[in-house]
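**Student:** I need the structure of the sequence given here:
(one chain, ligands or ions: 1)
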Amino acid sequence: MSKSKNPIEDFVFSLSDDQFQLLIDSVDKRKDKEMYGFTSLEEAAFKYGRKPVCPHCGSINYIMNGHTPSYRKRYRCLDCDCSYTLLSDSIFNSSKISFHKLTKYIQLMTFNVPLKECMEILEITSNTANLWRKKIFQTVNDYQNNLILKDRVWLDETYIEDYKILGSDYKEKRLRGLSRTKICIVVAIDSYRNMIAIICGHGKPSSTRIYKTVKNHIEPNSTIIHDGEKAHNKLIQELHLKSEVYKADCKDDNYLNHMALINNMCGWIKRYIWRFIGMDVDNLQSYLNWYVYLLRCQRDNNKWKKNERILRHLLLERTRYTRK
Ligand SMILES: [Zn+2]
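**Tutor:** Okay, the predicted model is just below:
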């Protein structure tokens with residue numbers, strides 16, 4: 001039994017390369033329209049409630065002033081006379097990436113797909129892939145600043161190698177124990193699944209270092225559940241925390257049960273970071289911010305569709321990407 005022939009197949013095969021590309025673009029647009037309800041970044045920003053605000057003086061008084069060469073609406077500020085678009089003050093300021101590629105890129109980032117794979121799947125250059133990762137990271141740079149954990153808070157440190165310090169003679173420099181070549185990451189999570197993951201320098205941290213890193217992220221008088229590490233003392237003292245200690249012992253069920261949550265968290269973070277081996281450690285905190293942000297999105301997934309929530313976040317942010 002033969003399947004009946006697809007009636008537009010011959011038509012598609014008869015197209016020239018240019019025509020075929022146009023067809024692909026149209027198909028992508030239609031898919032976007034069905035999935036998100038819009039086909040351009042400007043349209044999406046507008047529907048998500050982004051308002052035209054002058055990026056120079058902050059005024060909201062404007063008149064319409066034609067459009068840009070890429071067909072974005074142009075506004076003219078009535079207070080300082082400058083021209084701007086809805087997305088001037090965003091990471092999409094001068095971007096040429098299409099709505100379709102961007103939403104696909106976000107999708108890959110939510111699965112933490114490494115850059116090389118993103119390049120191949122989306123057929124973009126390494127520059128583009130890199131630039132967009134940095135732009136997206138920039139919108140979550142301050143994300144952890146306002147996170148405060150409370151009531152029951154599990155806390156621990158995890159360590160990853162700093163390949164930058166190790167350099168080429170990696171094996172020779174490798175020392176036993178917690179050497180200065182390891183980056184310390186403080187991880188904490190509370191009973192509401194709020195979480196932080198913040199770099200706390202190299203090697204084993206002092207009491208002061210832990211205190212400085214975490215002090216603004218735990219509500220005073222909470223209970224801290226930890227391994228009794230001495231370096232936590234200052235934090236406990238200054239924030240008047242109740243301390244619940246489970247000594248690290250992998251044969252002790254009591255320890256394993258009570259610390260499972262934080263142990264898992266540290267394990268997940270390590271595996272997450274390992275996926276990006278070879279990344280610039282200067283970006284490590286950005287990767288951690290993104291991880292914490294994603295976890296939050298997943299936690300609230302029943303309220304918001306994850307990809308749409310991220311897209312909305314990117315489009316409503318008022319932060320321009322600045323090259324470092
Ligand atoms: Zn202005």
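**Student:** hey, C-alpha coordinates of the longest helix along the chain in PDB?
**Tutor:** Using DSSP state H, we find that the single longest helix of the chain is helix 253-274. In PDB, the C-alpha atoms belonging to helix 253-274 read as follows (Å, rounded to 0.1, in the frame of the first residue of the first chain):
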ATOM      1  CA  ASP A 253      21.800   7.300  57.500                       C
ATOM      2  CA  ASN A 254      20.900  10.200  59.800                       C
ATOM      3  CA  TYR A 255      23.500  12.400  58.100                       C
ATOM      4  CA  LEU A 256      22.500  11.200  54.600                       C
ATOM      5  CA  ASN A 257      18.700  11.700  55.200                       C
ATOM      6  CA  HIS A 258      19.000  15.200  56.700                       C
ATOM      7  CA  MET A 259      21.600  16.500  54.300                       C
ATOM      8  CA  ALA A 260      20.200  14.800  51.100                       C
ATOM      9  CA  LEU A 261      18.700  18.000  49.800                       C
ATOM     10  CA  ILE A 262      21.900  20.100  50.000                       C
ATOM     11  CA  ASN A 263      24.100  17.200  48.900                       C
ATOM     12  CA  ASN A 264      22.000  16.700  45.800                       C
ATOM     13  CA  MET A 265      22.100  20.400  45.100                       C
ATOM     14  CA  CYS A 266      25.900  20.500  45.200                       C
ATOM     15  CA  GLY A 267      26.000  17.400  43.000                       C
ATOM     16  CA  TRP A 268      23.700  19.000  40.400                       C
ATOM     17  CA  ILE A 269      25.700  22.200  40.400                       C
ATOM     18  CA  LYS A 270      28.900  20.300  39.800                       C
ATOM     19  CA  ARG A 271      27.400  18.300  37.000                       C
ATOM     20  CA  TYR A 272      26.000  21.500  35.500                       C
ATOM     21  CA  ILE A 273      29.300  23.200  35.600                       C
ATOM     22  CA  TRP A 274      31.100  20.200  34.100                       C
END
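**Student:** okay, buried residues for it please.
**Tutor:** Using 16 or more other C-beta atoms under 10 Å as the burial criterion, the residues of helix 253-274 that qualify are 255, 258-259, 261-263, 265-266, 269, 272-273. The way it works is simple: take the backbone N, C-alpha and C, and place the C-beta from them, glycine included.
**Student:** likewise for stretch 17-27?
**Tutor:** The neighbour-count check on stretch 17-27 (16+ other C-beta under 10 Å) flags nothing as buried.
**Student:** swap in stretch 191-208?
**Tutor:** Buried, per 16+ other C-beta under 10 Å, within stretch 191-208: 194-198, 200, 202-205, 207.
**Student:** also stretch 143-153?
**Tutor:** For stretch 143-153, by 16+ other C-beta under 10 Å, it's 143-144, 147, 149-150, 152-153.
**Student:** which of those sits closest to the ion?
**Tutor:** The closest of these to the ion turns out to be Tyr143 (C-beta to the ion; 28.6 Å).
**Student:** how far does stretch 314-324 sit from its chain's centre?
**Tutor:** On the basis of C-alpha atoms, centre = their mean, to the nearest Å, stretch 314-324 is displaced by 13 Å from the centre of the chain it belongs to.
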